[in-house]
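Trainee: Mind looking at a prediction? Sequence and model below.
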Amino acid sequence: MKFITKLKAAFGNPRAMEKLHVDDHTEAIINDIEHQPFGISDDNVLYAGLAELGGYYFFQTIVVGAFHTKTNKGAQLKVIGNGFEFDLESDMVELESDHSNVSNRSISKIDFQIEEVDAAKIKKSQLHKLILTCKKQEVTFSIYESDEEE
């Protein structure tokens, strides 16, 4: 099917060109994700990693899948691990997912502020699950176990 879409786009079909552009855009974003898959739910994959900027720590997340949002009230992430539980607030209150018509997926980039002591606890081996809440949506991610070591 992708070959046919490329062929139609080559002959100038505007709908095929739009599909091809959106699909390439989505694929480029997914390929540019520098983090490994961190968690999975039924319809979503959570890519995540820690970052430090000027003494402030952030838990950077990218959700790829059915999760789609547009809000000016931010998002919350509940982190549940071995003997601890804490809540994180998104660093920005205005959030909007990018949608792909072709793959019927959304890409949501959300950064969460995190304290240095809590950042030290963010290890896959220490975590049980992550719960992302935004508007009236709640997505529970189980920790993704990969064969590769971090």
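Mentor: Received it, and whenever you're ready, just let me know what you need.
Trainee: If you count neighbours, what's buried in the strand or helix carrying residue 86?
Mentor: If you go by DSSP states H and E, residue 86 is part of strand 84-89. By neighbour count with 16 or more other Cβ atoms under 10 Å, strand 84-89 contains the buried residues residue 88. To be clear about C-beta, it is placed using only N, CA and C from the backbone, and glycine gets the same treatment.
Trainee: now do stretch 100-111
Mentor: If you call a residue buried by 16+ other Cβ under 10 Å, then stretch 100-111 has these buried ones: 100, 102-103, 105-111.
Trainee: Show me what residue 46 bridges to in the sheet.
Mentor: Counting by DSSP bridges, residue 46 is bridged to residue 39, residue 63.
Trainee: For it, grab the count of nearby residues.
Mentor: Neighbours of residue 46 under the rule other Cβ atoms under 10 Å: 26.
Trainee: how near is it to residue 143?
Mentor: Going from residue 46 to residue 143 by Cβ to Cβ, to the nearest Å gives 9 Å.
Trainee: mind checking the backbone torsions on residue 117?
Mentor: Note on residue 117: its backbone torsions stand at phi -70, psi -40 [degrees, to the nearest 10].
Trainee: Where strands are concerned, which of the buried residues of stretch 100-111 count?
Mentor: The strands, defined by DSSP state E, take in 100, 105-111 from these.
Trainee: ok, residues contacting the helix or strand hosting residue 140?
Mentor: Following DSSP H and E, one finds residue 140 within strand 137-143. Residues from elsewhere that reach strand 137-143 (Cβ atoms under 8 Å, 6 or more residues apart in numbering): 38-41, 44, 46, 63, 67, 69, 124, 127-132.
Trainee: Just the buried residues of those residues.
Mentor: Buried residues within those, counting neighbours by 16+ other Cβ under 10 Å: 38-39, 41, 44, 46, 63, 67, 69, 127, 130-132.
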